[in-house]
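Q: Pasting a predicted model and its sequence here:
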Amino acid sequence: EVQLVESGGGLVQAGGSLRLSCAASGFTFDDYAVGWFRQAPGKEREGVSCIEIRDGSTVYVDSVKGRFSISRDSAKNTVYLQMNSLKPEETDIYYCNGWPNSDLTWGKGTLVTVST
């Protein structure tokens, strides 16, 4: 059974940092592009960043460039998202999935709350 487990969310003040983790079981990321997505209540889920596991190439949406950094640890089958200079409007549930088609079963996500 394929499972994605996101962790690392929490409450942080504006300008603070968090590091999210996405661990996969029953599946290896080896030949995948893995992305981080986020969703606020009542809003559509949006892609934030992705990484090609094989060569480490990355993509970021404009709103997070220079502040977020995605990385992977193939040995641990885990993808990370380092988020710096967080803004209150980035309060969301963050998820990981295959990119761009989100073709894996969604995990529960991890809640990031950024206070003013």
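A: Looks like it came in fine.
Q: Show me what W36 is bridged to.
A: Listed by DSSP bridges, the beta-bridge partners for W36 are S49, C96.
Q: Quick check: pLDDT value at it.
A: W36 is assigned 97 on the pLDDT scale.
Q: Tell me how far it lies from G56.
A: Separation of W36 from G56 (CB to CB, to the nearest Å): 15 Å. The C-beta positions use only the backbone N, C-alpha and C, and glycine is treated the same way.
Q: These two: which has the busier surroundings?
A: Between W36 and G56, W36 has the larger neighbour count (other CB atoms under 10 Å), namely 27 against 11.
Q: residues contacting that one?
A: Applying CB atoms under 8 Å, 6 or more residues apart in numbering, we find W36 in contact with 20, 22, 47-50, 70, 79, 81, 94-96.
Q: 10 Å instead, please
A: Counting by CB atoms under 10 Å, 6 or more residues apart in numbering, W36 makes contact with 6, 20, 22, 46-51, 60-61, 64, 68, 70, 79-81, 83, 94-97, 99.
Q: Cross those against strands and list the overlap.
A: 6, 20, 22, 46-51, 60, 68, 70, 79-81, 83, 94-97 (DSSP state E).
Q: What about T110, how many residues nearby?
A: By other CB under 10 Å, 22 other residues sit near T110.
Q: nearest residue to it other than its sequence neighbours?
A: Using CB to CB, 6 or more residues apart in numbering and skipping residues adjacent in sequence, the residue nearest T110 is G9, 3.4 Å away.
Q: likewise S17?
A: Of all residues not flanking S17 in the chain, N84 sits nearest, at 4.7 Å (CB to CB, 6+ apart).
Q: wait, isn't the one you found in contact with S69?
A: Yes. Counting by CB atoms under 10 Å, S69 is a contact partner of N84 at 7.8 Å.
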